[in-house]
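# Here is a sequence with its predicted model. Questions after.
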Amino acid sequence: MGQKVNPITFRLGINKTWRSRWFNPKEMPQLIKEDHQIRKFIRGRVENAGISRVDIERMGENIRVTIHTDRPGVIIGKGGSEVEAIKDEIDEMTGKRSLVNIKHIKNPQTDAYILANSIANALEKKIRFRSVIKRALYRTSREGVEGVKICVSGRLNGAEIARTEWVKEGRVPLQTIRADIDYGFCEANTNYGNIGIKVWVFNGEIYDDIDREKENA
């Protein structure tokens, strides 16, 4: 039927966790909008920081924001000035006290969103899409992942008719819930329209203690 499910949402509570962690039924619409504004502000403030995701936790009137990035120095700034400015902006935006944590991504080549964003940046510089995605596929497959799949859709290389192109290396079992699959989506804003980039990275299967005991028996 062509109905797709986000690979991360499909695995929530199993081997993935929520990126917004709080519970407030009465103010839920307002807080969801607030979370979106915080993420949009952070990505716009430090565009070249290689941000993979932003986790938000709420504890009463306090907000803890965790930024996952492969370039923590860009976000921290000289003497921590940039991260303090981000904290002050979030305080003013929400009217609450915030704490900003920076978490370093040690291997950005295996992060799906960072990979999709790097492809988008290359396409915006008018580099041919086929060489870009093959180069990205080669770099990621060398990092020891079990599989990677990349999809680009739109007016590729400025063609008049939009189409979809795929490349794949290894295996990416999307229907296996225990599979640890990272998913990222990004758009490249080109002169001939937007090009969508989707990336799936398969890092292996995660078993609980019972499954490990059965395997070792």
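In hand now; what should we look at? Numbers count the residues shown, from 1 in each chain.

# what does the lengthiest helix in the chain rub up against?
When the chain is parsed with DSSP state H, its longest helix is helix 28-45. Contacts to helix 28-45, defined as CB atoms under 8 Å, 6 or more residues apart in numbering, come from residues 20, 22, 24, 51, 54, 56, 58, 63, 65, 67, 86, 89-90, 93-94. All C-beta spots, glycine's among them, are computed from the backbone N, C-alpha and C.

# Quick check: what element follows it along the chain?
As assigned by DSSP states H and E, the chain's next helix or strand after helix 28-45 is strand 51-59.

# How far off centre is stretch 118-137?
Relative to the centre of its chain, stretch 118-137 is centred 18 Å away, using CA atoms, centre = their mean, to the nearest Å.

# And that stretch, what's buried?
For stretch 118-137, the neighbour count (16 or more other CB atoms under 10 Å) marks Ser118, Ile119, Ala120, Ala122, Leu123, Phe129, Val132, Ile133, Ala136, Leu137 as buried.

# Let me know the next secondary structure element after whichever helix or strand Leu137 is part of.
Element membership of Leu137, judged by DSSP H and E, is helix 129-141. Downstream of helix 129-141, the next assigned helix or strand under DSSP H and E is strand 147-154.

# Give me the residues contacting whatever helix or strand comes next after that next one.
Next along the chain after strand 147-154, taking DSSP H and E as the criterion, comes strand 163-170. If you take CB under 8 Å, 6+ apart as the criterion, strand 163-170 is touched by 129-130, 133-134, 137, 140-141, 145-153, 156, 202.

# starting at the chain centroid, how far to whichever helix or strand comes after strand 163-170?
Remark: after strand 163-170, the chain's next helix or strand is strand 179-190, criterion DSSP H and E. Centroid separation between strand 179-190 and its chain, computed with CA atoms, centre = their mean, is 6 Å.

# now stretch 184-193
15 Å.

# Restricting to C-alpha, output that stretch in PDB.
Coordinates of each C-alpha in stretch 184-193 appear next as PDB, following Å, rounded to 0.1, in the frame of the first residue of the first chain:
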ATOM      1  CA  GLY A 184      17.500  10.700   9.200                       C
ATOM      2  CA  PHE A 185      15.700  13.000   6.800                       C
ATOM      3  CA  CYS A 186      16.900  16.300   5.300                       C
ATOM      4  CA  GLU A 187      16.000  18.600   2.400                       C
ATOM      5  CA  ALA A 188      18.400  20.300   0.000                       C
ATOM      6  CA  ASN A 189      17.200  23.700  -1.200                       C
ATOM      7  CA  THR A 190      18.400  23.900  -4.800                       C
ATOM      8  CA  ASN A 191      17.700  26.400  -7.600                       C
ATOM      9  CA  TYR A 192      15.400  23.900  -9.300                       C
ATOM     10  CA  GLY A 193      13.400  22.900  -6.200                       C
END
